[in-house]
Every structure is written in structure tokens, then in C-alpha cells.
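K.L.:
Here is a sequence with its predicted model. Questions after.
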Amino acid sequence: MTEKEQQLWDKCVAFHGHACGGLTIGFKAALYAMELLNAGFSDDEQLVCISENDACGVDAIQVVLGCSAGKGNLLFRLRGKQAFGFYRRSDGKGVRLVLRPRPEGMSKEESFAWMQARTPAELFEVKEPACPLPEPARLMTSRRCSVCGEMTMESMLRLENGQPVCLDCWHPYTRFGL
Ligand SMILES: [Zn+2]
Ligand SMILES: [Zn+2]
């Protein structure tokens, strides 16, 4: 690791709470995304990450790339895979990094050391994005739920008897259990 990478790694560990193999996966994916998309830390939505898991690695992506839930440039498309899509907003270029299968039979410690010693290109296969770049975060109008009275983003409201209701007050109508 370079000195700059070491500093970034230390920040990731501080944010996540511990050093682990999962954090290493996200850290290396973030370094690879920086290299492939010529990206740095996003103070806005310049880079978008679509994570296919909600495990330890996502924390490193937030720290290194500035993709975060609050800014709307960290999205989850949960597939239970160690895979991450990264997109550059300026021109829409995207990559999907998929962790290659690892050697079996390693202890937790061995696995951590093994992953730490790999380059991003050794760890990840670069594939085409699994879905198009999502639109930028929209500013939504909120309306009052007619039942509980709480202000709710329009896109999350349903209609019941012609009145807007939030998802907590809504009674779903699913006769086939679908
Ligand atoms: Zn962890
Ligand atoms: Zn309500």
C-alpha cells in the first residue's frame, strides 16, 4: 500500500470500527473505481455506487469515495453478491466490479491477509453495469398523510378512499398474496 492508501485505510477502519476482510473488499473496490473512472472523493453526486450487498465493505466505499446514503449516490440493489456498480455522472460511464471466487479453506485471519495483499485487479472482475445509471436524487414535495397527519414524500404516498395515506397507515389490497 502507498502512504496515501494507508491513510485512507486507517480512516476506513476508524469509521467502520474494526479491520476485517469485508472492509478490505470495499476498500479495494473503491480504489479500483477511482482508477477505472478517474474519480476522487465525491462532495456531491459525481460518482454513484450501486452496492449489491449491505455488508462491511460498503463502509469503506462511503469513506473513500464519498458515496453516501444521504447524498443519494449510494444505492442498494441487494443481490447478496460482493459486487458494486460505479458510475460517473459527467458522462454516464459505469463499471461493475465483481469479487472473484477466493481460495477455499482459509481462516478469517488468513483470508484477511490474503485479500490485503491482492491488487484490486486480482480481486475483481470488471463487468458491464447491471442496470442503467439512476436519475439524480430528486427533491420531492411532501404532503400530509390523511390518517396520521405526518408529512410524507409524494412518491411514498398511496391513495385510500381518494385520500393520501402513508405506508404505515395504508391497507394493502393483495388478494393473491403477491
Ligand atoms: Zn467488518
Ligand atoms: Zn400515516
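P.N.:
Ah, there it is. Ligands and ions are numbered 1, 2, ... in the order given.
K.L.:
in the protein, which helix has the most residues?
P.N.:
As assigned by DSSP state H, the longest helix anywhere in the chain is helix 21-36.
K.L.:
Okay, buried residues for that one please.
P.N.:
For helix 21-36, the neighbour count (16 or more other CB atoms under 10 Å) marks 21-34, 36 as buried. In this view, the C-beta of every residue, glycine as well, is placed from N, C-alpha and C.
K.L.:
now swap in stretch 59-74 and tell me
P.N.:
Of all the residues in stretch 59-74, those buried under the rule 16+ other CB under 10 Å are 59, 60, 61, 62, 63, 64, 65, 66, 67, 72, 73, 74.
K.L.:
The helix or strand where the fifth one lies - contacts with which helices or strands?
P.N.:
In this assignment (DSSP states H and E), residue 63 forms part of helix 57-65. Contact partners of helix 57-65 among helices and strands, from 3 or more CB pairs under 8 Å, 6 or more residues apart in numbering; DSSP states H and E: helix 3-16, helix 21-36, strand 47-51, strand 74-76, strand 83-88.
K.L.:
closest to ligand 2 out of those?
P.N.:
Smallest distance to ligand 2 across these (CB to the ion): 24.6 Å, for strand 74-76.
K.L.:
so how far is that closest one off the chain centroid?
P.N.:
Taking CA atoms, centre = their mean, to the nearest Å, one finds the center of strand 74-76 at 4 Å from the center of the full chain.
K.L.:
Now residue 106, what are its backbone angles?
P.N.:
With angles defined as degrees, to the nearest 10, residue 106 sits at phi -90, psi 150.
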